[in-house]
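Student: My questions are about this predicted structure, shown below with the sequence.
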Amino acid sequence: MLVAWFVLHALTPADVVAKTKNRPDRIPVVVGVAEQVDAPNLLSAIGTVQAFNSVLVRSRVDGALEKVVFQEGQYVHAGDLLAQIDARPFEAQLHAVLAQKAHDESQLANVERDVERYTYLASQKIYPQQQLDGARAQAAQLKATVAMDQAQIDNARIQLGYTSIRAPIDGLTGARLVDAGNMVHATDTNGLVLITQVHPIYVSFTLPQDALPALLSERQRGTVTVIASNRDASQVLDQGALSLIDNQIDPSTGTIHCKATFKNGREMLWPGQFVSLKVVLAVQHDAVTVPSTAVQQGENGTYVFVVSQDQTAELRKVAIGPTNDGQSVVEQGLSKGDRVVVEGQFKLEDGSPVSAVDHPHRSH
């Protein structure tokens, strides 16, 4: 019993506290592994989807709208009939100018026969030359009249053709703006329907002027790929190509206006829609990447905490390149396989003991 008492009381409370202080607690952290991959250099932007072409269909003549034959939201092709205007007044006008031309042509034929007769008689000194000249002038005048009649016929046929309102482009119709039975005029500003071309389709966006050299360099090498996603970038909507780099920088914002063209085969892009964009520049081969959450910013620059073999945290300065899809390219300071802290850095200092839990593996 005496031996047991001695063992239990050999360490005083002060000794226990001292030993606890000499064994520092380990800080729990989550770590990820620096990987070596082919990392694309991406430029991020927010874009607005725009119709490739957009046409407000208007009447080109005045008249009563007899019928509307398209359905709202229908896909139409160029030349498809959309609406019909009462054509009877235009048909009557065409018949009138056709009759006028026939009348003038008959007069011309009669005068031309007179010219032939007067020419022979004048050669025989039977008919005065002055009257022959007058007949020739009258014939030329009637020829001009017939030509003017033909122009009026052509115009009347054009006006008659305008009574059939047809789609000028392939695209989707919007809401019907005028109902059948209403009078329409060539001067109307509201039109009959808006048609938008969505195959292909544009996305308009801006990039910082500092990105222009890399953008131009990539375009010289070939097609610049642009990926469109929904607003939170959780779903890819379509992949297209850069089609416009504007010819001047906006001095008020320091940005350059660009456009990308998408085939939009699945119709995931819609005019007026806001989308997230990734402009794919040159791929950086065998780049060392880490989760972006590992990268910290301090007074002396950018750094990460690397977990060493003895389970302590080492503060290491790094040079960071492009950051995309939650991964940052480390240009200097890390090697493939280094374990970096991705969660729990706020408690760490250089040399802090840690208890590391692996971060879930990131699939590529």
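Tutor: Sure thing, it's come through.
Student: which residues touch stretch 329-347?
Tutor: 27-36, 39, 284, 287-291, 293-294, 296, 304-307, 313, 316-323, 348, 354, 356, 359 (CB atoms under 8 Å, 6 or more residues apart in numbering). Placement of C-beta: from N, CA and C, glycine included.
Student: Please name the residues that touch residue 325.
Tutor: Going by CB under 8 Å, 6+ apart, the list of residues near residue 325 reads residue 42.
Student: Next up, identify which helix or strand residue 212 is on.
Tutor: helix 212-221 (DSSP states H and E).
Student: next helix or strand past the lengthiest strand in the chain?
Tutor: Secondary structure assigned by DSSP state E gives strand 35-57 as the longest strand of the chain. Sequence-wise, the next helix or strand downstream of strand 35-57 (DSSP H and E) is strand 63-68.
Student: Point out the other elements, helices or strands, that that following strand touches.
Tutor: Applying 3 or more CB pairs under 8 Å, 6 or more residues apart in numbering; DSSP states H and E, one finds that strand 63-68 contacts strand 81-85, strand 183-184.
Student: Nearest approach to residue 245 belongs to which of the ones you listed?
Tutor: Residue 245 lies closest, by CB to CB, to one member of those: strand 81-85, at 36.7 Å.
Student: and the closest one, what other elements does it pack with?
Tutor: Where contact means 3+ CB pairs under 8 Å, 6+ apart, strand 81-85 is packed against strand 63-68, strand 164-166.
Student: What strands line up against the shortest one, and which way round?
Tutor: Pointing back at strand 164-166 there. Here strand 164-166 has these sheet partners by DSSP bridges: strand 81-85 (antiparallel).
Student: Now the helix or strand following the strand it pairs with: buried residues?
Tutor: Sequence order places helix 88-123 as the next helix or strand after strand 81-85, per DSSP H and E. The neighbour-count check on helix 88-123 (16 or more other CB atoms under 10 Å) flags 89-90, 93-94, 97-98, 100-101, 104-105, 107-108, 111, 114-115, 118, 122 as buried.
Student: what's the answer for stretch 224-243, then?
Tutor: In terms of neighbour count (16+ other CB under 10 Å), stretch 224-243 has its buried residues at 224-229, 237-238, 240, 242-243.
Student: how does this structure divide into domains?
Tutor: Here the domain parsing of the chain from automatic domain parsing is 27-39+286-358, 42-52+195-284, 63-85+164-191, 87-162.
Student: what ranges do the helices span in the stretch 251-364 of the chain?
Tutor: Per DSSP state H, counting those that start in this stretch, the stretch 251-364 of the chain carries no helices over any range.
Student: Low-confidence ranges, it, go.
Tutor: By pLDDT under 70, the weakly predicted segments of the stretch 251-364 of the chain are 359-364.
Student: One more pass at 50, please.
Tutor: Along the stretch 251-364 of the chain, the parts satisfying pLDDT under 50 run over 363-364.
Student: bridging residues for the closest residue to residue 292 other than its chain neighbours?
Tutor: Closest residue to residue 292 apart from its sequence neighbours, by CB to CB, 6 or more residues apart in numbering: residue 328 at 4.6 Å. Beta-bridge partners recorded for residue 328 (DSSP bridges): residue 290, residue 323.
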